[in-house]
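> Got a predicted model here, sequence first, then my questions.
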Amino acid sequence: MGQRRENESAGYPDEKVGELGRAYAAALLAGDEIAAELTIREAMDAKLSTAVIDDEIIAPALWLVGELWERGEITVADEHLATEISLRVLALQREAGRVARGRAAHSVMLAAPAAELHVVALRMAGNLLRDAGYHVVMLGAAVPPEALRAAAGRHRPDVVCLSSTMRGGGDQVLIAMYEVQEEWPAAGFVVGGRGLTSRVQARPGVEVCRRVSEVVDAVDAMVKRAGSN
Ligand code: B12
């Protein structure tokens, strides 16, 4: 892809952009819509901006398609297919932007309950939610129930995420949920951590996650459910 301009955008490694560009061009030439979509999803996950994806990945791949067509190495049908795939990918980009903008109207509060100092998973969950577009209020470690209650009243989160690691932490989670509900009944809960026991059960308004990677889907479902009530 000789026509690919150097990536001038600070912070994006040229190597990664080049690799995705080659994968996208290969997908277009193979007429493989799924591979093309997966490549663009990977670019979005790598936080490449829409402008960089358009200028550095999609456009150069189409330039290459055009060159091959001019040289008679691919047919006009191949060229049309590559264009159709790229138009679908643009729709995917628009949809991802729409979903992220929709999430920005919702806030998620995260905390580890009283005496719980383990917060790595909580921070991971916060990062994932922030990256997905949610407004994140991170309270961090060892938040006493009354402080959590006051924070819920002040920030009025759509969802509260709680993490519990220590043995016996499940009870602290139940107390924390009770306090929040007393103050701000509209909140849903997404909870996780190895300290949870069977006393903390999933039910309407409460999601229990085993892995941090489930958090965005769980919060999305909670927000959607609240919206449809
Ligand atoms: C780092 C660490 C610490 C650090 C924490 C620093 C910090 N800022 O977080 C420090 C040094 C402070 C610490 C202290 C203690 N620790 Co410690 N610690 C650990 C260690 C090594 C790693 C924990 C971790 O970060 N894991 C990585 C995260 C990503 O994984 P995770 O928490 O398991 O979360 C996964 C899921 O549960 C889920 N998840 C968890 N929360 C949530 C929340 C949501 C919303 C979602 C969606 C998902 C989710 O997602 C993750 C996977 O995707 C563990 C070892 C272990 N086996 O976990 C011990 C461990 C948890 N600690 C332990 C102990 C005993 C202690 C201390 C009592 C030690 C002491 N004598 O002082 C104190 C107690 C502190 C307290 N009161 O909380 C024990 C707990 C035993 C138990 N079940 O009760 C462990 C298991 C070590 C051991 N094998 O004995 N610890």
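Yep, it's here. Numbering: from 1, shown residues only.
> Number of residues surrounding Asp32?
15 (other Cβ atoms under 10 Å). (Glycine included, C-beta is placed from N, CA and C.)
> Val143 pairs with what?
Pro113 (DSSP bridges).
> So for it, what's the pLDDT?
We have a pLDDT of 97 for Val143.
> correct me, but it touches Leu110?
No - in this structure, Val143 is not within contact of Leu110 by Cβ atoms under 8 Å, at 9.6 Å.
> Now for the residue of the chain found nearest the ligand, how many residues are close by?
Residue nearest to the ligand within the chain: Gly192 (2.5 Å; Cβ to the nearest ligand atom). Using other Cβ under 10 Å, Gly192 has 25 neighbouring residues.
> contacting residues around it?
121, 125, 161-164, 208-212, 214-215 (Cβ atoms under 8 Å, 6 or more residues apart in numbering).
> Which parts of stretch 189-202 count as buried, going by neighbours?
For stretch 189-202, the neighbour count (16 or more other Cβ atoms under 10 Å) marks Phe189, Val190, Val191, Gly192, Gly193, Gly195, Leu196, Val200 as buried.
> Do you know the pLDDT at the last one?
In this case it means Val200. 91.
> With Met1 instead?
With respect to pLDDT, Met1 has a value of 37.
> for Glu95, same thing?
For Glu95, the predicted pLDDT is 89.
> One more: the one 3 residues further on?
pLDDT for Arg98: 87.
> What average pLDDT does the helix or strand where Phe189 lies get?
Assigned by DSSP states H and E, Phe189 falls within strand 188-192. Strand 188-192 shows a mean pLDDT of 98.
> Run me through the strand neighbours of it, direction for each.
strand 159-163 (parallel), strand 206-209 (parallel).
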